[in-house]
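Engineer: Based on what follows, work out the 3D shape:
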Amino acid sequence: MGLFGKAKAADPKEQVQEWGKKIRKEGYNLDRQINAIKREELKVTKSLKEAAKKGDKDVCHILAKEIINSRKSVNKLYTAKANLNSVQLQMKGQLATVKIAGALSSSAEVMKSMNALVKIPETQKAMMELSREMMKAGVIEEMLEDTMEGLNDEEELEEAAQGEIDKLILELTTGKLKEAPAAMKDTLPAPAAAKEPTAEESEESEGELEEMQNRLEALRS
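Structural biologist: The predicted structure is shown next:
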């Protein structure tokens, strides 16, 4: 506290350094999320290839959608990282300004990057807090109303088009799924003699698929 009970003004240099720490922390969090999604994608890819060998088109299509959505999530997180890096770079510029002018300056570039970051669920909470601090310091202007709209509504990933799904399956299986039905006719007994999966096996398979989808959904949320 300063004289007469007034709070001591924050040191601009210390403010910028503290913001830099918060931005780096968010960057590390994004890296962890990206790596977790990629690890899960490898597991789903393996399952898709196994399903392709069996000629199970329905399972392949479900898993292909999961992979496509995972890749979109990763791309979104990479965009967020780019915006974080942009803000971090601008903070270094602010330090130079403080040394010369003794105060922080307004930055349209920081404003643009922060506007993008508060719209992303993964960085929203931390960036909203950081934005308020920057507004008080005069680095960015008050958030625009259209920027604030829909912050609580998580952006829905676009439904993967059928062509996109088919292309991914072909990429991962090198055409094995397309060949599987014909190959099975030549090597397996007649349909009547083919062993039907038991209810227990079907339930177990469906349970594993549902669990895998839930894990991917949790990583993207």
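
Engineer: Checking Val139 next. Helix, strand or coil?
Structural biologist: With DSSP: H, G, I helix; E, B strand; the rest coil as the basis, the three-state label of Val139 is coil.

Engineer: tell me the phi and psi of the closest residue to it other than its chain neighbours?
Structural biologist: Counting by CB to CB, 6 or more residues apart in numbering, Leu104 is the residue found nearest to Val139 once chain neighbours are left out, at 5.3 Å. No exception for glycine: its C-beta is placed from N, CA and C like everyone else's. With angles defined as degrees, to the nearest 10, Leu104 sits at phi -80, psi 160.

Engineer: Counting residues, name the longest helix you see in the chain.
Structural biologist: As far as residue count goes, and with DSSP state H defining each element, the longest helix of the chain is helix 57-101.

Engineer: pLDDT below threshold where in the protein?
Structural biologist: Applying pLDDT under 70 to the chain flags the ranges 1-9, 142-160, 175-221.

Engineer: Helices along that one, start to end?
Structural biologist: Along the chain, the stretches classed as helices by DSSP H are 12-53, 57-101, 108-117, 124-137, 145-148, 162-173, 176-187, 199-220.

Engineer: For those, give me TSV that also has mean neighbour count.
Structural biologist: TSV is the format used below for these (neighbours: other CB atoms under 10 Å):
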stretch	mean neighbour count
helix 12-53	16
helix 57-101	17
helix 108-117	19
helix 124-137	17
helix 145-148	11
helix 162-173	16
helix 176-187	13
helix 199-220	13
